[in-house]
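> model this:
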Amino acid sequence: MFDRILRFLRLKRIVVATGGGFDPLHEGHIRLFKEAKKLGDVLVVMLNSDAQLIKKKGQTFYPLQDERKEIVESIRYVDKVIIDPGKDVTCEEALKSVRPDILAKGGDRVEGSMPEIELKVCQELGIKLVYNVGGAKVQSSSWLIKRLRGG
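Numbers count the residues shown, from 1 in each chain. Reported below is the predicted structural model:
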């Protein structure tokens with residue numbers, strides 16, 4: 001089903017993807033989505049699963065990945081959200097599924113800071129990488145959670 005949706009969306013359109021946990025969502029994420037959308041016609045967000053976030057950060061802020069998915073889907077710049085099917089904290093499985101023309105990396109990502117496995121998938125599939133989308137890092141989900149805890 002998802003493949004049919006992507007084929008429909010691809011009709012002479014440039015597909016841009018970005019990925020992350022977006023847990024909790026903040027202004028830097030909105031800037032990423034807004035600027036990523038400008039790079040093409042369709043923006044697909046590859047959302048980390050709860051299992052990936054727990055593996056990466058030890059917990060989730062929102063209780064369920066479906067809640068995060070619904071929130072991100074409601075953002076006007078976002079055309080489609082998929083929950084990353086991968087078991088690791090990188091997005092190579094989602095990239096293989098989506099096969100975007102462009103992968104937009106946020107303001108905290110610069111050339112050379114991308115996980116090697118994701119870089120390899122992008123090279124194999126001919127996915128163009130665009131770094132620092134949305135500008136410099138202005139906020140962090142980890143910072144927000146730390147502040148909430150009084151740290």
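
> can you map out the strands along the protein?
15-20, 42-47, 80-83, 102-106, 128-133 (DSSP state E).

> confidence score at the residue most central in space within the chain?
Geometric centre of the chain, nearest residue: Gly19, 1.2 Å, by C-alpha atoms, centre = their mean. pLDDT, Gly19: 94.

> do the same with the one 10 residues further on
In the prediction, the pLDDT value recorded for His29 is 90.

> That one contacts Asp23, doesn't it?
No: counting by C-beta atoms under 8 Å, His29 sits too far from Asp23 to count as a contact (9.7 Å). C-beta here means a position set from N, CA and C on the backbone, and glycine is covered the same way.

> Counting neighbours, go ahead and name the busier of the two.
Asp23 (26 against 22; other C-beta atoms under 10 Å).

> For the more buried one, give me its contacts.
Asn48, Leu53, Thr60, Phe61, Tyr62, Arg68, Ser141 (C-beta atoms under 8 Å, 6 or more residues apart in numbering).

> pretty sure the fourth one contacts Pro24?
Yes: using C-beta under 8 Å, Phe61 is in contact with Pro24, at 4.6 Å.

> hmm, back to that, spit out the contact partners of the closest residue in space to the residue nearest to the centre of the chain that isn't next to it in sequence.
Excluding its sequence neighbours, the residue lying closest to Gly19 (C-beta to C-beta, 6 or more residues apart in numbering) is Met46, at 3.6 Å. Residues in contact with Met46, defined by C-beta under 8 Å, 6+ apart, are Ala17, Thr18, Gly19, Gly20, Ile82, Asp84, Cys91, Ala94, Leu95, Val98.
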